[in-house]
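K.L.:
Structure for the following, please:
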Amino acid sequence: MGRFARSLMSNVSGVSVSVSGLWPGRADRLIIAPHDLRTSDATRAAEIYAGRFVFAGKIVTCHGRSIFDLEPPSEDWEVALLGFGWLRHLRAADTALTRANARALVDDWITNQIGRHPLSRRADVLARRVISLLSQAPLVLADSDGKFYRRYLRGLTREIRYLRYSTIDIPDGAPRLQVLIALCYAALCLANQAKHIRSASRKLSEELQRQILPDGGHVSRNPGALIELLIDLLPLRQTFAARNIAPPPALLNAIDRMMPMLRFFRHGDGNMALFNGMGGTPSDLLATLLAYDDTHGTPMANMPHSGFQRLDAGPMTVIVDTGPPPPPHLSHEAHAGCLAFELSSGASRIVINCGLPSTGRDNWRTFARSTVAHSTLTYHNTSSCTFVEMSAMKRLLHGAPIVSGPTRVENFREVVPDGTVLSTSHNGYAAKFGLIHRRVLVAANDGSRLDGEDTVTPAQGARLRGGGSDYALRFHLHPAVKASRLSDGRGAMLVLPNREVWTFETFDDRVDLEDSVFLAGNDGPRRTTQLVIRQDAQQAPSIRWSFVRSSTSPTETNARRNARREPELPL
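P.N.:
Modelled structure (predicted):
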């Protein structure tokens, strides 16, 4: 991936491409085209020329008809089509045939299709299309005549004008930033736009200051939002420089804060931690972004504004969600995973959250957002957050935001002689059940073990209520981990892909191996295993457990465990 990133950097280094020479002398001309840092594949140009459009795991063949007249097989597929990001594949081939094919497809859209697709006016889709048409202008306009150029420019300015007028009705969060980024690109790439440059820069600066938190996280608390935003913000910074205009300080500061946050969420295998809507890691985009990172230092341990903690000990990495959910208007993709963690050793992930698939998200979204899809405690089979459930409200609110959840999440970090202690708690179950979930994690200095204790205690001045006191502690395992239950039923042996062996142990609790699903795989959802411990809060309010790196067999591990007492956690 490093070689790939360096190669890509060498191809796109420098400044944005000037297109003013294509049609000089016009006051309303395009004068520059920004870079598109997304990966392109020249082999897909042949598929598009043959009328086969493959997006979001679905294939549609034109058979001589306009691709825009065909019924889309899914919303994800239609979003990809109407975003016009696929133009970059035609540009990668860079032949007279692909240039003509690109002109024909764009001309078909501009002449006959604008306004015929309701989804095409969705803010994020329209913003993506504007950026694509600007960045791929050299492909579309090369070898074209004056009539096509004028049609192209009229269609593009019409899209930009609609985007400007739609800013009052944009969903909050990343879509709003994407629209403002697109408007900045439009102002910089068209001639005689000084007024719009100032206005767009000011609005983008204000939104970046609001949405990018001081520690570099996004207000949605979704690691994937950082990737999607940086892949557009970095070329925007270059485009300002190409126009000899100083980039807004807020843009530069936001990029400088966001880059370390990428490394914070990154495991040793290069994949991002699965929190709050993060799906499979787009490794090509991540490698490109990290090639722009000049710091290359050890990730920070505490992100207090975003609400995450990271424990690095030797080859072991633990990333923990220690923050409340985002506000309701920003929580349409947020998950009920408070105090969930992910564990990795070197290049092997061990404990994960289920994540979200890259396609077909609607089929899995309800499960993926629930607490049971995360490596944390679930009380009475209930999520720690409440989501909007009524279909009518979902349509009105354009999704299912979180309407209640943890309001107080406490965490205390301390370095002790043998490692690092992280003590956390949340009150997500206090209103309904009158209890607090507390979790203590202890990471050994050499990365050889992670000890933990999960406790459910009555909230101050309350008693347990709700008609049940059962709870379950879940640890979802990565599909590459092979798990086998120990003979005494109180633990499991975990074999990693590199043949490294870890043992999951409890003091006096039964451990069950149950089916789970890993949703964030690049090849779609995959079956995996979860370690589950079930208890009654009134009989056993606390569960102590540990993950220990080991080289022994299950039989030897059982003998060792029977010969010693469970060590006390340094509370």
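K.L.:
just the strands in the stretch 451-571 of the chain please.
P.N.:
470-477, 482-485, 491-495, 501-506, 512-518, 526-536, 542-550 (DSSP state E, counting those that start in this stretch).
K.L.:
Can you tell me what sits against the second one?
P.N.:
Under the criterion Cβ atoms under 8 Å, 6 or more residues apart in numbering, residues 477, 491-495, 511, 513, 529, 531, 554 lie in contact with strand 482-485. Placement of C-beta: from N, CA and C, glycine included.
K.L.:
mind listing what's buried in stretch 267-277?
P.N.:
By neighbour count on 16 or more other Cβ atoms under 10 Å, the buried set for stretch 267-277 is 267, 271-277.
K.L.:
Repeat that for stretch 330-347.
P.N.:
Of the residues in stretch 330-347, 330-346 count as buried by neighbour count, 16+ other Cβ under 10 Å.
K.L.:
do the same with stretch 30-48
P.N.:
Going by neighbour count (16+ other Cβ under 10 Å), the buried part of stretch 30-48 is 30-40, 44-45, 47-48.
K.L.:
Show me the two of the residues you listed that sit farthest apart.
P.N.:
Of all pairs drawn from the buried residues of stretch 30-48, the greatest distance, 32.6 Å, lies between Ile31 and Glu47 (Cβ to Cβ).
K.L.:
Break this structure down into its domains, please.
P.N.:
Annotated domains of the chain cover 2-291, 307-480+509-543 [automatic domain parsing].
K.L.:
of all those, which lies closest to Trp502?
P.N.:
Across those, the minimum distance to Trp502, taken as Cβ to Cβ, is reached by domain 307-480+509-543, at 6.4 Å.
K.L.:
Redo the buried residues of stretch 267-277 as a markdown table? Include secondary structure and pLDDT.
P.N.:
Formatted as a markdown table, the buried residues of stretch 267-277 follow (DSSP: H, G, I helix; E, B strand; the rest coil; pLDDT from 0 to 100):
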| residue | secondary structure | pLDDT |
| --- | --- | --- |
| His267 | coil | 95 |
| Asn271 | coil | 93 |
| Met272 | strand | 95 |
| Ala273 | coil | 96 |
| Leu274 | coil | 96 |
| Phe275 | coil | 95 |
| Asn276 | coil | 93 |
| Gly277 | coil | 90 |
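K.L.:
Quickly find the element holding Ser375.
P.N.:
Of the helices and strands defined by DSSP states H and E, none includes Ser375.
K.L.:
Quick one: residues contacting it.
P.N.:
Contacts of Ser375 were listed using Cβ under 8 Å, 6+ apart, and they are 340-342, 351-353, 474-476.
K.L.:
Could you dump these into CSV with distance to Arg237 added?
P.N.:
Formatted as CSV, those follow (distance: Cβ to Cβ, whole Å):
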residue, distance to Arg237
Ala340, 34
Phe341, 34
Glu342, 31
Val351, 37
Ile352, 34
Asn353, 33
Arg474, 42
Phe475, 41
His476, 38
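K.L.:
Just the closest of those to Arg499, please.
P.N.:
Nearest member of those to Arg499, counting by Cβ to Cβ, is Val351, at 18.5 Å.
K.L.:
Quick check: which element contains the closest one?
P.N.:
Assigned by DSSP H and E, Val351 falls within strand 348-352.
K.L.:
Run through who's touching that strand.
P.N.:
267-269, 271, 274, 341-344, 375, 475-478, 480-481, 494, 496-498, 500, 502, 518, 547.
K.L.:
Note down every partner strand of that strand and its orientation.
P.N.:
Using DSSP bridges, strand 348-352 pairs in its sheet with strand 341-345 (antiparallel), strand 470-477 (antiparallel).
K.L.:
after it comes which helix or strand?
P.N.:
Counting by DSSP H and E, what follows strand 348-352 is helix 361-369.
K.L.:
in that next one, what's buried?
P.N.:
Residues 361, 364-365, 368-369 are the ones in helix 361-369 that count as buried (16+ other Cβ under 10 Å).
K.L.:
Also compute the angle for that helix relative to strand 512-518, please.
P.N.:
Angle, helix 361-369 to strand 512-518, by axes from the mean of the first three to the mean of the last three Cα atoms, to 10 degrees: 140 degrees.
K.L.:
How far does helix 361-369 sit from its chain's centre?
P.N.:
Centre-to-centre, helix 361-369 and its host chain are 15 Å apart (Cα atoms, centre = their mean, to the nearest Å).
K.L.:
Can you show me the CA trace of it as CSV?
P.N.:
Output of helix 361-369 as CSV, limited to C-alpha atoms (Å, rounded to 0.1, in the frame of the first residue of the first chain):
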residue,chain,number,x,y,z
ARG,A,361,-26.7,-1.3,4.5
ASP,A,362,-30.5,-0.9,5.0
ASN,A,363,-30.8,-4.7,5.5
TRP,A,364,-28.3,-4.7,8.4
ARG,A,365,-28.5,-1.2,9.8
THR,A,366,-30.9,-2.0,12.7
PHE,A,367,-28.8,-4.9,13.9
ALA,A,368,-25.5,-3.1,13.3
ARG,A,369,-26.5,-0.1,15.4
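K.L.:
Now that helix: average pLDDT?
P.N.:
The average pLDDT within helix 361-369 is 87.
K.L.:
Which elements pack onto it?
P.N.:
Counting contacts by 3 or more Cβ pairs under 8 Å, 6 or more residues apart in numbering; DSSP states H and E, helix 361-369 is packed against no other helix or strand.
K.L.:
so Cys385 makes contact with Gly428?
P.N.:
Yes: contact status for Cys385 versus Gly428: in contact at 6.5 Å, counting by Cβ atoms under 8 Å.
K.L.:
Counting neighbours, go ahead and name the busier of these two.
P.N.:
Taking other Cβ atoms under 10 Å, Cys385 and Gly428 do not tie; Gly428 has more neighbours (28 against 23).
K.L.:
If we ignore the residues flanking it in sequence, what's nearest the more buried one?
P.N.:
With sequence-adjacent residues excluded and distances taken as Cβ to Cβ, 6 or more residues apart in numbering, Gly428 is closest to Ser384, at 3.2 Å.
K.L.:
What is the neighbour count of that neighbour?
P.N.:
Burial of Ser384, expressed as a neighbour count using other Cβ under 10 Å, amounts to 29.
K.L.:
still on that earlier bit, which of the contacts of Ser375 sits closest to Asp107?
P.N.:
Nearest to Asp107, judged by Cβ to Cβ, of those is Asn353 at 45.4 Å.
K.L.:
Doesn't Ile245 lie inside a strand?
P.N.:
No: counting by DSSP: H, G, I helix; E, B strand; the rest coil, Ile245 is located in no strand; its state is coil.
K.L.:
Quick one: residues contacting it.
P.N.:
188, 197.
K.L.:
Give me the phi and psi angles of it.
P.N.:
Note on Ile245: backbone dihedrals following degrees, to the nearest 10 are phi -120, psi 130.
K.L.:
Against Leu133, how distant is it?
P.N.:
The gap separating Ile245 from Leu133 is 21 Å, by Cβ to Cβ, to the nearest Å.
K.L.:
likewise Trp364?
P.N.:
For Trp364 relative to Leu133 (Cβ to Cβ), the value is 32 Å.
K.L.:
what's Asp124 sitting at in phi/psi?
P.N.:
Phi and psi for Asp124, reported as degrees, to the nearest 10, are phi -70, psi -30.
K.L.:
Hmm, Gln178 and it touching each other?
P.N.:
Yes: counting by Cβ under 8 Å, Asp124 touches Gln178, with 5.3 Å between them.
K.L.:
Closest to the centroid, which residue in this structure?
P.N.:
Centroid-nearest residue in the chain, with Cα atoms, centre = their mean: Gly224, separated by 1.9 Å.
K.L.:
May I have the beta-bridge partners of Thr424?
P.N.:
Assigned bridge partners for Thr424, using DSSP bridges, are Asn411, Arg439.
K.L.:
Look at it and report its pLDDT.
P.N.:
Looking at Thr424, the pLDDT reads 97.
K.L.:
How about Gly14?
P.N.:
For Gly14, the model assigns a pLDDT of 37.
K.L.:
And for Pro554?
P.N.:
For Pro554, the model assigns a pLDDT of 51.
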